[in-house]
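Visitor: fold the following, please.
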Amino acid sequence: MSQGFVNSDTQATTMNNELVQVINGDAEFVPLESLRAQLSQLGFDSKGFAYSVVAILGCQSSGKSTLLNMLFGTSFPVMQAEHGRSQTTLGVWLGLSASGGTGGSVDESILVMDVEGVDSRERGEEHTAFERKTSLFSLALADVLIVNTWHNDIGRYVAGNVALLKIVFELNLQLFLKPGASRKLILFIIRDHVPELTPLSKLTDMIMSDMHSIWTSLPKPAAFGPSPQLSEFFEFRFTSLPHKVLRADQFVTDVDALRRKFVDASGPDYLLLAPSARQTSVPADGFAKFAENIWETIKANKDLNLPTEKEMLATYRCDEISQAALAKFSAAAEPLQQAQLRGELLQQFGQAAAMLLASALAEYDPQASRYVADIAQAKRLSLEKAVLVLLYSMFERQLTLLSQQVAASFLKSLAAKFPSDGLASRDFAKQASAARQASLDEFLHGAAEACLASAAAGEWTSEAALVQLQGLIDERIASAREEQIKALNKEVKADINSGYAKPFDKLLESAEPDALWPKLRQLHESVLTRAESFLLDRLQGFAASSTEQQQRVKELQDLAVHVLKSRFLEKTKFLQYILNKRFETCFGQDERGLPRRWKANDDVAAIFARSKRQAEQLLEAFCVLRLDPSLDQVDFLSAESTADPEPSLVILSPEEASALREQFSEAARSLYLQALRDQENIATVSRVPTYMIVLVLMLGFNEFLYILTNPMLVCLLSHAWWRTIFLLNLTMSHHAGDFVAAPMQLLLAPKDHQLQ
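Guide: Numbers count the residues shown, from 1 in each chain. Next up, the predicted model:
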């Protein structure tokens, strides 16, 4: 038997200066002094307790050495696949972690143990005893034992290392474990894993099920108590890696992430224990002797003998039969998996799954029944578990597709129940509840059809998917309800707008300033009462709680105030015109509503002051929303005013009101001056002396008689008189018209001359 690494090209033995052999290919421990000298050359003996041991187990040519090199920067020789698949590592080798690998420098206090692969062709029938011994040796020395396994070997008794681990666990309990010792960490690395087909959690469950089955079947020494638990002695962790060639980039990324778990002590997934917590706690300079003692103890134990020829044959053949049945099952399930990946919902999936399972077992049973019954039954259970793992992943995908289909149909059925004119539903709660129940019934029916009717699938359940679907449907209902509430709010807003429309304009035109806000408050309360009644009635159809009703009513009240304020803001665009019109009505018309004819004894100043005050009171009413009667007595335009209303109630800012007031005062002043001129003209005519009138009549008596006796002159004189009267009235009306038209001219003027 060769003593070193086997080169796949030359089959010659080679030695790497950075690597140290511990067990040679003939199962012999290397000379102790030689091992100590080589470890000393590597600088290992000076590490004290600051080191960890990491070992790896797995099938031959499964990529163990390649993985160790990438994780720890070691240089274990690897198989050259282009020259064929053969044995590379013989015995057990050690390497000290070095800088390099996939992500830069790694911790140099990790002693890496590369173990000869199990199930090798080169060892033939001798492989079992050697594998058990080296595996037990690795478990006894290592702080972290890596089990490198192919994903498609999970569920197999031999290829999945279950049989080997059973023997190793049992002897480890007998030979090396002591009560109260720290736990060993066993890290399963699942190679070539395709999570889209089988989730890592399912593979993990299968492995842990096997581990617990092993532990249950083992006899435990009395020193460990009546019922020691597996978790007291071993900690299991799991990870997976994609195909190294087909998904090379992802493989490197995942290996680098795994490497950090060995070197980053601050990380949450750090795999190594502190020196004080390690099981061996052997100083580095005593490691060689400690390892030699472990190997001698293992070699002296007779429980590591080979099984009988009959058992070996049964294990080998049942494994082959199981693999063939599993391959046939996988081929039959492939079209169904592809259909699911395309998003197709499979009809009667439960029946199809039962047929696939039955077909796989029927393929296995006739051939396996000719071998050792216990081994055949164990392999049958492993086959059944592997089939169920894949079928369950398809079952979960079926439930996902079913949930998506039900959720989509739910939305369509719910939307069909709503009014098509954009109005809110009048019975939303009942409609949504009926649609929800119909969708859940549809899902439960589909899930029942998808479930496998088999005792082996007793744990299959759609409960988690149902809860998830219920949550999704409830989210959709909440979203649809919010949309319907928005539609209801639009209806309420339209009702409020219509309630304000004509009465609001009429009050602005006719109400006295002092009475404007009391009447507006009455209008506001009337509109609000009607809208609240409408809203509360409609909310009954939404099954709104009292708290929600109160919240919605509060929002309605705010909306009503907002609509009222919006109407005032709209009117402020024409406020200058409104003020001038109100002033012209008071100043230019008498008590009968007729155009005022100024007389000499009229108090123009008093009428002007009264009319101006009427217009300014209207401007005051526009400054702030006075829904609170206490605000009626507050003069916001007064220079001495200290009132500070809420910003939401302000319609015109003090600056805007002041500018409007100044523009209005200027326009009113011009009409006032015109009235004074008209009154002065009338007064001039009325001041002609009486004697002048008598003198004119005496001197013009003959002419007066001549005119009266001449019809033509009478007509001409009458026409001239009435024309004079008409022109005088037209002139007065023209002045008043200019005053009222002034704001409209301002609105048509360039924007920089308008009130912003």
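
Visitor: any stretches of the stretch 1-150 of the chain with poor pLDDT?
Guide: Residue ranges of the stretch 1-150 of the chain with pLDDT under 70: 1-17, 80-87, 98-108, 119-128.

Visitor: let's see that with 90 instead.
Guide: Judged by pLDDT under 90, the stretch 1-150 of the chain has its weakly predicted residues at 1-19, 24-27, 32-33, 35-52, 57-65, 72-91, 96-110, 115-143, 149-150.

Visitor: for it, which segments count as strands?
Guide: For the stretch 1-150 of the chain, the strands defined by DSSP state E, counting those that start in this stretch cover 5-6, 13-14, 19-23, 52-58, 92-96, 110-115, 144-150.

Visitor: how about CSV for those strands, with distance to A163 added?
Guide: C-beta coordinates here come from the backbone N, C-alpha and C atoms, glycine included. Formatted as CSV, the strands of the stretch 1-150 of the chain follow (distance: least, CB to CB, whole Å):
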stretch, distance to A163
strand 5-6, 26
strand 13-14, 31
strand 19-23, 21
strand 52-58, 13
strand 92-96, 21
strand 110-115, 17
strand 144-150, 13
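
Visitor: could you export these as CSV, including distance to H212 and mean neighbour count?
Guide: Formatted as CSV, the strands of the stretch 1-150 of the chain follow (distance: least, CB to CB, whole Å; neighbours: other CB atoms under 10 Å):
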stretch, distance to H212, mean neighbour count
strand 5-6, 37, 22
strand 13-14, 42, 12
strand 19-23, 31, 23
strand 52-58, 20, 24
strand 92-96, 29, 24
strand 110-115, 25, 25
strand 144-150, 16, 23
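
Visitor: for A291, find the nearest of the ones you listed.
Guide: Nearest to A291, of all the strands of the stretch 1-150 of the chain, is strand 19-23, at 6.2 Å by CB to CB.

Visitor: for the closest one, which helices and strands make contact with it?
Guide: When contacts are defined as 3 or more CB pairs under 8 Å, 6 or more residues apart in numbering; DSSP states H and E, strand 19-23 packs onto helix 32-41, strand 92-96.

Visitor: buried residues in the longest one?
Guide: Within helix 32-41, the residues scored as buried using 16 or more other CB atoms under 10 Å are L35, R36, Q38, L39.

Visitor: so what touches it?
Guide: Residues outside helix 32-41 that contact it (CB atoms under 8 Å, 6 or more residues apart in numbering): V20, V22, D45, L94, A284, F287, A288, K289, A291, E292.

Visitor: ok, Q484 touching G541?
Guide: No. Q484 is beyond contact range of G541, at 9.1 Å (criterion: CB atoms under 8 Å).

Visitor: which residues do these two both contact?
Guide: With CB under 8 Å, 6+ apart as the test, Q484 and G541 both reach S425, F428.

Visitor: with neighbour numbers in mind, choose between the two.
Guide: Taking other CB atoms under 10 Å, Q484 and G541 do not tie; Q484 has more neighbours (22 against 17).

Visitor: quick one: list the elements packing against the helix or strand where that one lies.
Guide: Here Q484 sits within helix 463-510, counting by DSSP states H and E. Applying 3+ CB pairs under 8 Å, 6+ apart, one finds that helix 463-510 contacts helix 373-416, helix 428-450, helix 513-539, helix 546-571.

Visitor: with distance to N148 and mean neighbour count as extra columns, can I get those in JSON lines?
Guide: Output for these, formatted as JSON lines (distance: least, CB to CB, whole Å; neighbours: other CB under 10 Å):
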{"stretch": "helix 373-416", "distance to N148": "19", "mean neighbour count": "19"}
{"stretch": "helix 428-450", "distance to N148": "36", "mean neighbour count": "18"}
{"stretch": "helix 513-539", "distance to N148": "65", "mean neighbour count": "16"}
{"stretch": "helix 546-571", "distance to N148": "60", "mean neighbour count": "15"}
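
Visitor: how about JSON lines for these, with mean pLDDT added?
Guide: Converted to JSON lines, the helices and strands packed on helix 463-510 look like this (pLDDT from 0 to 100):
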{"stretch": "helix 373-416", "mean pLDDT": "87"}
{"stretch": "helix 428-450", "mean pLDDT": "84"}
{"stretch": "helix 513-539", "mean pLDDT": "82"}
{"stretch": "helix 546-571", "mean pLDDT": "82"}
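
Visitor: let me know which of these is the nearest to A353.
Guide: Of all the helices and strands packed on helix 463-510, helix 373-416 sits nearest to A353, with 4.8 Å by CB to CB.

Visitor: just how off-centre is the closest one within its chain?
Guide: Chain-centre distance of helix 373-416: 26 Å, with CA atoms, centre = their mean, to the nearest Å.

Visitor: please name every helix or strand in contact with it.
Guide: Using 3+ CB pairs under 8 Å, 6+ apart: helix 373-416 touches helix 200-217, helix 309-341, helix 349-368, helix 428-450, helix 463-510.

Visitor: okay, these in a markdown table with distance to T88 next?
Guide: A markdown table is the format used below for the helices and strands packed on helix 373-416 (distance: least, CB to CB, whole Å):
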| stretch | distance to T88 |
| --- | --- |
| helix 200-217 | 26 |
| helix 309-341 | 24 |
| helix 349-368 | 33 |
| helix 428-450 | 47 |
| helix 463-510 | 45 |
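
Visitor: A605 is nearest to which of those?
Guide: Nearest to A605 among the helices and strands packed on helix 373-416 is helix 463-510; the distance by CB to CB comes to 26.8 Å.

Visitor: average pLDDT for the closest one, rounded please.
Guide: Averaged across helix 463-510, the pLDDT comes to 83.

Visitor: relative to helix 428-450, how tilted is that helix?
Guide: 160 degrees (axes from the mean of the first three to the mean of the last three CA atoms, to 10 degrees).

Visitor: now the helices and strands packed on strand 19-23 as a markdown table including distance to V112?
Guide: Shown next, in a markdown table, are those (distance: least, CB to CB, whole Å):
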| stretch | distance to V112 |
| --- | --- |
| helix 32-41 | 13 |
| strand 92-96 | 5 |
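
Visitor: which of those sits closest to L695?
Guide: Across those, closest to L695 is strand 92-96 (CB to CB), at 145.7 Å.

Visitor: starting at the chain centroid, how far to that closest one?
Guide: Distance of strand 92-96 from the chain centroid (CA atoms, centre = their mean) equals 48 Å.

Visitor: next: stretch 576-585.
Guide: 59 Å.

Visitor: element containing T461, please.
Guide: Under the criterion of DSSP H and E, T461 resides outside all helices and strands.
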